[in-house]
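In: Build me a model from this:
(2 chains)
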Amino acid sequence: MDSNKIDWEQVREVLRIAGEAADVAELTVETPTLKVSVKKTAAGLEMRTSANPHGDRVGAGVAPAAGALPAAGALPAAGAVGLATGAGAAELALPDQMKAVTAPMVGTFYRSPSPDAPPFVTEGDRVDAGQTVCIIEAMKLFNEIQSEVRGRVARVLVENGTPVEYGQPLLLIDPLA
Amino acid sequence: MFRKVLIANRGEIAVRIIRACHDLGIRTVAVYSDVDRNSLHVKLADEAFCIGPAPAAESYLNIPNIMATAELLGVDAIHPGYGFLAENPHLPEICADVKIAFIGPSPDAIRKMGDKSEARALMAKAGVPVIPGSAGPVDGEREILQVAQHVGFPLMLKASAGGGGRGMRVVHTRDDLRTGLLVAQREAEAAFGDGRLYIEKYVQEPRHVEVQVLADAHGGIVHLGARDCSVQRRHQKLIEESPPPLLRERTLATLTRAAVRAAQSIHYTSAGTVEFLVDKGENVYFMEMNTRIQVEHPVTEMVTGLDLVKEQIRIAAGERLDFSQRDVAWHGHALECRINAEDPRADFRPSAGTIVTFFPPGGPGIRVDTHGYAGYTIPPHYDSLIAKVIAWGQEREEAILRMRRALTEFEITGIATTIPFHLRVLDNGFFRRGEVYTNFVQRRIDLSDV
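Out: Below you'll find the predicted structure:
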C-alpha cells in the first residue's frame, strides 16, 4: 500500500464541505496522513494538498475536484493550483491547459490491455488524439478509452484495478508538450 | 438480511429508501448524475457513486452504469424507487443474472401489468371488473368503430405502453374519431415507442381509488386499504387521502377483494397498487396496476402504522409477512399534498432554481418527506416534486385542518411552489365535504387568482 497515496474520498469531502458552506472563505483540514487547504477566490476554489512527508506531485486540485467545484469542468477555474510537497517543499503550479481524460462510464480502471501486458501509456509518453490510453471494464465488457488531445501524459491519477465513477479524471494530458 | 443496498433513484424517494435501510441496519449506496452531486440522498447514503451526466437516459436509466456500480461496490440488492427503472423488467432480469436481489416484483409481473391493454385482458379473465372497452389493442378505424358501437361515446383512447396518466385521449363523438385516432397513435409512438392503442368507455366524473397490496414470496398477501387520488391536474395526482371519503363499506370491500385477486392472478410479490375508477353509482372498474412503491405510500403508512419500504426490503430478503390480514388495523385519516416546484399562477410552469429558505412544518400528525434544504439547487432535468406533506388526524376534518396549518407554516423561498394551490383546494367546500372526482380541479378550482 503506497503511503504516498492521497485519500481522494477525504479530499473530495473537504472540497464538498468548503464549496457548500456559503460563509466559509478558507478551510484547512489536517490529519496525520493528509492536509487539505481550500480557499475560495473569485475564480473558483484553490486547493493545496499534501500527503505524508514525501508527498506526491499530484494533479491535486484537478483530480477529484471534477464537478465538486463551483466552476464546472474537470479543471479548477483559472488560477494555479498550488501543491505543498512535504514540509517546506517548493510549490508547483499546474498549467491551466492540462486536459483530463475522464471516465465516460462506471467500471474498473485498467492501465494495460491484459494483466501481463505493459500499460497502454506511462507518464512522459507522447499520445495522439484518438489513442487508447486505458481500459474501463464493466460487467465483463472492456471499453477502450481514448485521449481526445495530442500531447504528453503528465500524470496517471487512478491506481490500476480500482473502481471509477462517471466523470472521474483518469489521466492528465499536457497538450502543449 | 441484506448488508448493502443500492438505491437506483434520486430525490425524496431515494431519501425515503435510505432511511428504511438505515432503520434495518443496512448500508446504503446512492447513485447520482453529475448535477445531483449535492443532493440530499447523496449526503445521507453511506457511499455514493456518480453514474452519468444530467440526462436521465445517461444516468438514472443507465442500467450498465448502475449495475457496474452495484457489482463494484459489492451490493446485495437494488431498490428502484418509483419512476425511472422501477417498472423496467430488464433491471430485475439483469439483477437475477448477477445474483443481486431486486426489491420489487418479478420481471414477469412487471411485464404483464406494464402492457396496459394486456393487463385489462388478464384482469377480465381473473374476474376483476374492467371498464367496458376493447379486449386488447385495436387495429384500424373499422375495429374501433365496432368497439365504439358497443362501448358508446364519449370514449377514451389509451396507449398500451402508457400509464401514470399519460397517453390518453378522449373522443367525444364519432366525427372526432378519425383525427383523434391518428393523433393518439402518433403521440403514443413518440412518447412510448409503441403506437398501439386500446379503447375504454369514458367514465364520467369518476373517482380515482386505488388499493395498496403487499405480498411476500411465500403466498402471503394482504391489502392495506384504499386511497383516493381524485384531486389531479392533467392526470397528475396532487392530493391523496385514506380512507376514501364517502365510500360505502361494501364498495371498499369490492375494491380490496378485486385488488387481492388481481395481485394473486399474476403471482405478485412486494408492494403494489391496483388502481380503479369508481363511478357515481359506485361501480368499480380496474384501471391499471402499479408494480412499484408509489409516491403516496406515506398516506397508507400513517393510517396503518406500517413501514411499506421496510416491508419491501424484508420481502425481497425472503422473509414472510409477519402479520396477516386480520392483524391490519386502520386508525384515523391521512392526507398527502405533493408540493411541486411549479408556479400555479403561470400554468404550473416548473420553477427550477436555488432554494433560499426552507422551513418545513411539524407538530402532531405532520410528516414531511423531502430532499429539499436551504441552499439546494433544483436541477431542471427531473420531475418537480420537492416535498410531500402528510397530515394525519383522528378524522378527516382534523387531518385537513392540520394540513392547512402545516402548509401555512411551510416556508420555501427562492422557488415557486404549488402550496398556494393546495391551500385553495383544502378550503374548497366540495373538497371539505369529500365530493371529489378526477375533474375536480378543472371544475371547482379557479386558478386565476391563486
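In: going forward, measure contacts and count neighbours with C-alpha atoms only.
Out: Will do.
In: What degree of burial does the nearest residue in space to residue B:75 that is not next to it in sequence show, as a neighbour count?
Out: The shortest distance from residue B:75 to any non-neighbouring residue, by C-alpha to C-alpha, 6 or more residues apart in numbering or on different chains, is to residue B:4 (5.1 Å). Residues near residue B:4, counting by other C-alpha atoms under 10 Å in any protein chain shown, number 21.
In: in terms of contact, does residue B:4 touch residue B:25 like I think?
Out: No. Residue B:4 lies out of contact with residue B:25 (C-alpha atoms under 8 Å); the separation is 9.2 Å.
In: returning to what we had before: what pairs with the residue nearest to residue B:75 across the strands?
Out: Beta bridges link residue B:4 to residue B:27, judged by DSSP bridges.
In: how about it, what does it touch?
Out: B:26-29, B:74-77 (C-alpha atoms under 8 Å, 6 or more residues apart in numbering or on different chains).
In: again, 6 Å this time
Out: B:26-28, B:75-76 (C-alpha atoms under 6 Å, 6 or more residues apart in numbering or on different chains).
In: now do residue B:104
Out: So residue B:104 contacts residue B:270 (C-alpha under 6 Å, 6+ apart).
In: Does it lie in a helix or a strand, and which?
Out: Using DSSP states H and E, residue B:104 sits within no helix or strand.
In: ok, so what distance separates it from residue B:293?
Out: Separation of residue B:104 from residue B:293 (C-alpha to C-alpha, to the nearest Å): 8 Å.
In: So which residues of the stretch 151-300 of chain B form strands?
Out: Along the stretch 151-300 of chain B, counting by DSSP state E, counting those that start in this stretch, strands occupy B:155-163, B:166-171, B:197-201, B:207-215, B:221-233, B:236-242, B:270-278, B:284-290.
In: One more: chain A?
Out: Here chain A has its strands, by DSSP state E, at A:26-30, A:35-41, A:44-50, A:82-84, A:91-93, A:99-102, A:107-110, A:126-127, A:132-138, A:141-146, A:151-156, A:163-164, A:169-174.
In: Tell me which of those strands sits nearest to residue B:285.
Out: strand A:132-138 (46.0 Å; C-alpha to C-alpha).
In: Give me the sheet partners of the closest one and which way each runs.
Out: Strand pairing for strand A:132-138, using DSSP bridges, gives strand A:107-110 (antiparallel), strand A:141-146 (antiparallel).
In: Next up, the contacts around residue A:104.
Out: Residue A:104 touches residue A:166, counting by C-alpha under 6 Å, 6+ apart.
In: Tell me the backbone dihedrals of it, please.
Out: Main-chain dihedrals, residue A:104, degrees, to the nearest 10: phi -90, psi 0.
In: Can you give the distance from whatever helix or strand residue B:95 lives in to the centre of its chain?
Out: Using DSSP H and E, residue B:95 falls within helix B:90-97. In terms of C-alpha atoms, centre = their mean, to the nearest Å, the centre of helix B:90-97 is found 22 Å from the chain centre.
In: partner strands of the next helix or strand after it, parallel or antiparallel?
Out: As assigned by DSSP H and E, the chain's next helix or strand after helix B:90-97 is strand B:101-102. Strand B:101-102 pairs in its sheet with strand B:77-79 (parallel), by DSSP bridges.
In: Let me see the mean pLDDT of the partner strand.
Out: Mean per-residue pLDDT for strand B:77-79: 98.
In: What are the contacting residues of that strand?
Out: B:5-7, B:100-103.
In: out of those residues, who's nearest residue B:91?
Out: Taking those together and measuring to residue B:91 by C-alpha to C-alpha, the closest member is residue B:102, at 8.0 Å.
In: What is the neighbour count of the closest one?
Out: By other C-alpha under 10 Å, neighbour count at residue B:102 equals 25.
In: Quickly, which of the strands of chain A bottoms out on average pLDDT?
Out: Among the strands of chain A, strand A:82-84 carries the lowest mean pLDDT (a mean of 32).
In: picking that back up, the helix holding residue B:95: which residues count as buried?
Out: Neighbour-count burial for helix B:90-97 flags B:91-95 (criterion: 16 or more other C-alpha atoms under 10 Å in any protein chain shown).
In: again with stretch B:309-328
Out: Quick answer for stretch B:309-328 (16+ other C-alpha under 10 Å): B:309-317, B:320-321.
In: Just flag the most distant two among the residues you listed.
Out: Pairwise over these, using C-alpha to C-alpha, the maximum falls at B:309 and B:320, 14.7 Å.
In: Residue in the stretch 351-450 of chain B with the shortest distance to chain A?
Out: Chain A sits closest to residue B:375 of the stretch 351-450 of chain B, with a gap of 8.2 Å, by C-alpha to the nearest C-alpha.
In: any chance you could read off phi and psi for that residue?
Out: Here is the backbone geometry of residue B:375 (degrees, to the nearest 10): phi 100, psi -10.
In: Could you chop the chain up by domain?
Out: No chain specified, so I'll use chain A. Domain ranges of chain A: A:8-93, A:99-174, per automatic domain parsing.
In: meant chain B, my bad for not saying
Out: Per the record, chain B has its domains at B:4-101, B:132-201, B:207-444, by automatic domain parsing.
In: Need the winner for burial among the ones you listed.
Out: domain B:4-101 (a mean of 21; mean count of other C-alpha atoms under 10 Å in any protein chain shown).
In: from the middle of its chain, how far away would it be?
Out: Distance, centroid of domain B:4-101 to centroid of chain: 18 Å (C-alpha atoms, centre = their mean).
In: quick revisit: could you tell me the least trusted of the domains of chain B?
Out: Among these, domain B:132-201 carries the lowest mean pLDDT (a mean of 85).
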